[in-house]
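Visitor: this one's structure only:
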């Protein structure tokens, strides 16, 4: 039975050179990792066999191991898509400019916005292509060890799809402009709950504001 399973997985392996080696698959099988998990790893290019072996030796249940590797594989896939979109967007951008920004995210509860998260970024870059804003910023280095397990509020790149219900107005809190959604916005990516976004921005190139007004249909 083991020979049959390994043979099937080797076929998958030839289609994905970055997947598990035959030796890694055999070691996973001998360690007691389920065949379903091994086949899934091969089919989806998940290759961190050492982590799976450590989880198995620590008596993690098979269903929990599968949940972990599927979550990590999904994150890696999303990251790859994001990087591809980032490169493509940069090439198509109508305008790019450094900017100082503050992103605020609310969740709507009983028609009232409840603060979920916010982040101030002094060294952001904003690009616009058509009706889409792309905001990027450098990853923070040298994080305090006490905060090592804290995730940044938002991940770069951050995208905003402009629509006619968005509002651009005079800024607050030391920023020249304020861009916000209406209360019916579903978030990006779309979620079941209603969300409300605000970005305070201070771009170096004021022509960005002209592009945003044009995308919103404002004169």
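Guide: Sure, I can see it. Not measured: the values here are computed from a predicted model. Residues are numbered from 1 along each chain as shown.
Visitor: contacts and neighbour counts: CA atoms only from here.
Guide: Noted.
Visitor: all strands for this protein, in order.
Guide: Residue ranges of the strands in the chain, as given by DSSP state E, are 95-109, 112-129, 132-136, 158-161, 167-170, 177-180, 195-203.
Visitor: nearest to residue 36, out of the ones you listed?
Guide: In terms of Cα to Cα, the element of the strands of the chain nearest to residue 36 is strand 158-161, at 35.8 Å.
Visitor: list the buried residues in that closest one.
Guide: For strand 158-161, the buried set under the neighbour-count rule, 16 or more other Cα atoms under 10 Å, comprises 158-160.
Visitor: for residue 28, state which of those residues is nearest.
Guide: Using Cα to Cα, these come closest to residue 28 at residue 158, 38.2 Å.
Visitor: beta partners for that closest one?
Guide: residue 135 (DSSP bridges).
Visitor: residues touching it, list them.
Guide: 134-136 (Cα atoms under 8 Å, 6 or more residues apart in numbering).
Visitor: ditto for residue 32
Guide: Contacts of residue 32 by Cα under 8 Å, 6+ apart are residue 56.
Visitor: look up how far residue 59 lies from it.
Guide: Going from residue 32 to residue 59 by Cα to Cα, to the nearest Å gives 10 Å.
Visitor: where in the protein is pLDDT low?
Guide: 1-19, 71-87, 111, 140-153, 182-194, 219 (pLDDT under 70).
Visitor: all helices for it, in order.
Guide: 2-15, 22-31, 35-43, 49-57, 62-92, 207-216 (DSSP state H).
Visitor: neighbours of residue 36, how many?
Guide: Neighbour count for residue 36, taken as other Cα atoms under 10 Å: 10.
Visitor: tell me how this protein divides into domains.
Guide: With domains defined by automatic domain parsing, the chain comprises 2-89, 93-140+148-216.
Visitor: please state the offset of the last one from the chain centre?
Guide: By that I understand domain 93-140+148-216. 15 Å (Cα atoms, centre = their mean, to the nearest Å).
Visitor: is the nearest residue to residue 201 once chain neighbours are set aside bridged to anything, and to what?
Guide: Closest residue to residue 201 apart from its sequence neighbours, by Cα to Cα, 6 or more residues apart in numbering: residue 101 at 4.4 Å. In this entry, residue 101 is beta-bridged to residue 121, residue 201, by DSSP bridges.
Visitor: how close does residue 196 sit to residue 98?
Guide: Using Cα to Cα, residue 196 is found at 25 Å from residue 98.
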